[in-house]
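In: Sequence and predicted model, in that order:
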Amino acid sequence: MKSFGKKLMTTIFVIILVIVLFLLVFYLDKFDIIRLRPVTLVEQIPYGEVIEIGEFEETEFYDSMNKFIGADIVIRVRFAAHIEPAERLPTEYKNELKKAYSNVDIYVKEIPSKEALEKMMEALADSKYLKFIEDKEIQAFLYETKINNKKVKRIEKIFLTPDSYFFVKY
């Protein structure tokens, strides 16, 4: 009978210990006292910023009757990366002693007509900068890289429509 009481007390003690440890970890994580998971650093789309255009190339699509059916433009741009959450960045990036730059390909899809394509090519030739329109849909594809041994999801490609950005002249 003594061994049954001892086993019961040991089982109750183990259950209480597991519950206390679970509650402790839950509340420490909930109130951000300790971080159990590393925070993923993610590069943000630079809405409202002037972005420098590097180069561009267009692709035109024709049907079997040699009739224009659409076009795409790839614009290569460079801009200073904005990575969130900034407080988790390495100190030299957080204090802006060092900056990370992104070289991104912007794919402009669904150019409806040959005239629209010609106007866009003319605007690209005359402009060196562009801006994204904030309330338009923009798709960004990310790739994982490291900045000072911290994992960061950086922008690799941006897909948008012709009405999602505008050119800036200085």
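Out: Great, that's in hand.
In: can you give me the helices in this protein?
Out: Counting by DSSP state H, one finds helices in the chain at the ranges 2-30, 91-94, 114-126.
In: buried residues in the helix or strand bottoming out on mean pLDDT in the chain?
Out: Considering only helices and strands, the least confidently modelled element of the chain by mean pLDDT, DSSP states H and E is helix 91-94, at a mean of 78. Neighbour-count burial for helix 91-94, with 16 or more other Cβ atoms under 10 Å as criterion, is recorded at residue 93. No exception for glycine: its C-beta is placed from N, CA and C like everyone else's.
In: which outside residues touch that helix?
Out: Counting contacts by Cβ atoms under 8 Å, 6 or more residues apart in numbering, the residues outside helix 91-94 that touch it are 83, 86, 87, 98, 99, 100, 147, 148.
In: residue contacts, residue 52?
Out: With Cβ under 8 Å, 6+ apart, residue 52 has these contacts: 77, 78, 79, 128, 129.
In: just residue 50 next, same as before
Out: With contact taken as Cβ under 8 Å, 6+ apart, residue 50 is in contact with 129, 130, 131, 168.
In: Relative to residue 82, how far out is the residue sitting nearest the centre point of the chain?
Out: Among the residues of the chain, the one closest to the centroid is residue 43, at 4.3 Å (Cα atoms, centre = their mean). Residue 43 sits 7 Å away from residue 82, taking Cβ to Cβ, to the nearest Å as the criterion.
In: Then residue 25?
Out: Where residue 82 is concerned, residue 25 sits at a distance of 33 Å (Cβ to Cβ).
In: next one: residue 19
Out: Counting by Cβ to Cβ, the gap between residue 19 and residue 82 amounts to 43 Å.
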